[in-house]
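[1] 3D model of this:
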Amino acid sequence: MPARLAVTRLVHSRHEASVPALPRLRQVALVLPVNVSWGAVLAQGVADYFREHESWDFTTSPPTMAEAEEVALIPYSLKGWASQGAIAVINDAAEARAARRLGFPVVCVNGNVRNPGLPRVMPDYYVGGQVAAEHLLDRGSQRLAYCGLKGPWYSAERKRGFVDRAKQAKVTCEVFDLPPNTDLRASWQQRRHAVATWLKTLQTPIAILAVHDYRARVLIDECLRLGWDVPLDVAVLGMDNDLTACEFCQPTLSSVARAAWKIGYEAARMLHHLMDGRSVPVADIRVPPSGVVARRSTDTITVEDPHVRAAVHFMRDHLHEVFGLERVLEHLDVSRRLLHERFQHWLGHPPYEYLCSLRVERAKQLLSIPNRVKMRKIAAECGFSSAARMRLVFQRTTGMTPLEYHRLQGIVAASKSPQKKTRKAT
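    Sure, this is the predicted structure:
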């Protein structure tokens, strides 16, 4: 028996010697939140980049030994780990310091900290705030409000973009920043109290942007508790387009969509360059949002002109049908010139352009549904005469094709980043 075992080991050793050794995969950590949908989409962007370039061995959200946590969302757990690099969400200055001391490159993908001292690819929060304001202004809103958080830099940037656009449009804008919750034992009702108190100070009708989708859901709940109609009394808009928060909400929540796939793809490119000892941009790479996914929470029109209101309601009620401006005019019994002047005055767009924007918004909502890419069916549901017509109007309105927009939501894509000033890997 011992002799047979010895022979077996010898055969194995000879066989192994004849097989060329596989190249060792680079060890990379993805330290991302697992409780929000954009985290998974961002990880998909990272994975897609390396399918096109080289193989990595990924560890996602490395486990921690802390009893109070099931998953580590912080870089502390990477200390002493044999890694070549990481892509991480950095929550505060202490985590940024810990990430800088790890001994391998870390790419940050969020904006909680203004200056983390790390190479970074992140959402353009300022532009996101402007896009949100534009969406609400397009609905004739003359009173805007922002509900944010004290502390996180991304909240301040979203607020700045939102307020700047409101000032440009010469409309009023209220601002409320919730203080950080320091009492971990506080009940859910206690945490909502500050929001309810602030809402009671507002004059309706009003349109509110929340710093993120979960805060927007709290706003909707509190508005309904106060007996206000959403969206007729209060239109509510969220940020990040988390499908769990937005679709499982009554009414469904409109939201500014974070281009998470592209952020992940560009972060992977940056980390790849750092691990190869190449240069990367000194300044943050800021990725603008992919647009607003409009749902019921902002499906309103707050203008005094009865012809404009009637025209918009007709357009929305019949959006799934193929029709042009002539049918709207027949319904209103008003001249084309008069309707054009009133739309331009109240909404800043001629009526046909506004109708096209409604169809594109509906297409965006359908294109945000995972794996739904039957363009002909989507075009029909949005009132386009054909998929080709939808592609033409969509590209003219957004600067991208429907398929490109769909890919930005996290399915498949490819992108190029401009050349910028660079920093060397350390």
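[2] tell me the secondary structure for the closest residue to I301 other than its chain neighbours?
    Taking Cβ to Cβ, 6 or more residues apart in numbering, and ignoring the residues beside it in sequence, I301 has V312 as its nearest neighbour in space, at 4.5 Å. (Glycine included, C-beta is placed from N, CA and C.) The assignment at V312 comes out as helix when based on DSSP: H, G, I helix; E, B strand; the rest coil.
[3] now stretch 365-381: buried residues?
    Of the residues in stretch 365-381, those buried under the neighbour-count criterion (16 or more other Cβ atoms under 10 Å) are Q365, L366, L367, S368, M375, I378, A379, A380.
[4] per-residue confidence at the residue nearest to I301?
    V312 is assigned 88 on the pLDDT scale.
[5] can you map out the strands along the stretch 151-300 of the chain?
    In order along the chain, the stretch 151-300 of the chain carries the following strands (DSSP state E, counting those that start in this stretch): 172-178, 206-210, 234-239, 254-257, 280-281, 285-287, 291-293.
[6] okay if I get these as a markdown table plus mean neighbour count and mean pLDDT?
    Conversion of the strands of the stretch 151-300 of the chain to a markdown table gives the following (neighbours: other Cβ atoms under 10 Å; pLDDT from 0 to 100):
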| stretch | mean neighbour count | mean pLDDT |
| --- | --- | --- |
| strand 172-178 | 17 | 95 |
| strand 206-210 | 28 | 97 |
| strand 234-239 | 28 | 97 |
| strand 254-257 | 27 | 95 |
| strand 280-281 | 21 | 90 |
| strand 285-287 | 21 | 96 |
| strand 291-293 | 24 | 89 |
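[7] quick one: these as JSON lines, columns for distance to H135 too.
    Listed next are the strands of the stretch 151-300 of the chain as JSON lines, based on distance: least, Cβ to Cβ, whole Å:
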{"stretch": "strand 172-178", "distance to H135": "14"}
{"stretch": "strand 206-210", "distance to H135": "9"}
{"stretch": "strand 234-239", "distance to H135": "6"}
{"stretch": "strand 254-257", "distance to H135": "7"}
{"stretch": "strand 280-281", "distance to H135": "30"}
{"stretch": "strand 285-287", "distance to H135": "19"}
{"stretch": "strand 291-293", "distance to H135": "5"}
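[8] the ones you listed: which one's closest to R158?
    strand 234-239 (6.5 Å; Cβ to Cβ).
[9] with just CA atoms, put that closest one into CSV.
    In CSV, the C-alpha atoms belonging to strand 234-239 read as follows (Å, rounded to 0.1, in the frame of the first residue of the first chain):
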residue,chain,number,x,y,z
VAL,A,234,-46.4,68.4,-3.3
ALA,A,235,-44.3,66.9,-6.1
VAL,A,236,-41.4,64.8,-4.8
LEU,A,237,-38.2,63.9,-6.6
GLY,A,238,-35.5,61.6,-5.4
MET,A,239,-31.9,61.0,-6.4
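[10] what strands flank that strand, and is each parallel or antiparallel?
    In the sheet containing strand 234-239, its partner strands are strand 206-210 (parallel), strand 254-257 (parallel), by DSSP bridges.
[11] what's in contact with that strand?
    Surrounding strand 234-239, the residues in contact under the criterion Cβ atoms under 8 Å, 6 or more residues apart in numbering are 128, 132, 135-136, 139, 141, 158, 199, 202, 204-213, 215-217, 219-220, 223, 228, 230, 245-246, 253-256, 258, 292, 297-298, 300, 302.
[12] and the residue nearest to I301, how far is that from A259?
    In this view, V312 and A259 are 29 Å apart by Cβ to Cβ, to the nearest Å.
[13] look at those two and report which has more neighbours.
    A259 (28 against 23; other Cβ atoms under 10 Å).
[14] so the residue lying closest to R158 once chain neighbours are set aside, which of the three states?
    Using Cβ to Cβ, 6+ apart and skipping the chain neighbours, the partner closest in space to R158 is G129 (4.2 Å). Per three-state DSSP, the local secondary structure of G129 is helix.
[15] hey, C-alpha coordinates of whatever helix or strand E95 lives in in CSV?
    Under the assignment given by DSSP states H and E, the secondary-structure element containing E95 is helix 93-100. What follows is helix 93-100 as a C-alpha-only set of coordinates in CSV (Å, rounded to 0.1, in the frame of the first residue of the first chain):
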residue,chain,number,x,y,z
ALA,A,93,-12.2,61.4,6.8
ALA,A,94,-11.1,58.6,9.1
GLU,A,95,-11.8,56.0,6.4
ALA,A,96,-10.0,58.1,3.8
ARG,A,97,-6.9,58.1,6.1
ALA,A,98,-7.1,54.3,6.5
ALA,A,99,-7.4,53.8,2.8
ARG,A,100,-4.3,56.0,2.1
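[16] any idea of the mean pLDDT for that helix?
    Across helix 93-100, the average pLDDT comes to 91.
[17] what's the first helix or strand after it?
    Toward the C-terminus, helix 93-100 is succeeded by strand 106-108 as the next helix or strand (DSSP H and E).
[18] which other helices and strands contact the helix or strand just after that next one?
    If you walk from strand 106-108 toward the C-terminus, the next helix or strand you reach (DSSP H and E) is strand 121-123. Applying 3 or more Cβ pairs under 8 Å, 6 or more residues apart in numbering; DSSP states H and E, one finds that strand 121-123 makes contact with strand 106-108, helix 260-275, strand 285-287.
[19] give the rounded mean pLDDT of strand 121-123.
    Regarding strand 121-123, the rounded mean pLDDT is 97.
[20] adjacent strands (with direction) for that strand?
    If you go by DSSP bridges, strand 121-123 pairs up with strand 285-287 (parallel).
[21] please enumerate the strands of the stretch 301-426 of the chain.
    Per DSSP E, counting those that start in this stretch, the stretch 301-426 of the chain has strands spanning 422-423. These are given in chain order.
[22] would you map the helices across it?
    Assigned by DSSP state H, counting those that start in this stretch, the stretch 301-426 of the chain shows helices spanning 306-317, 325-332, 336-347, 351-367, 375-381, 387-398, 402-408.
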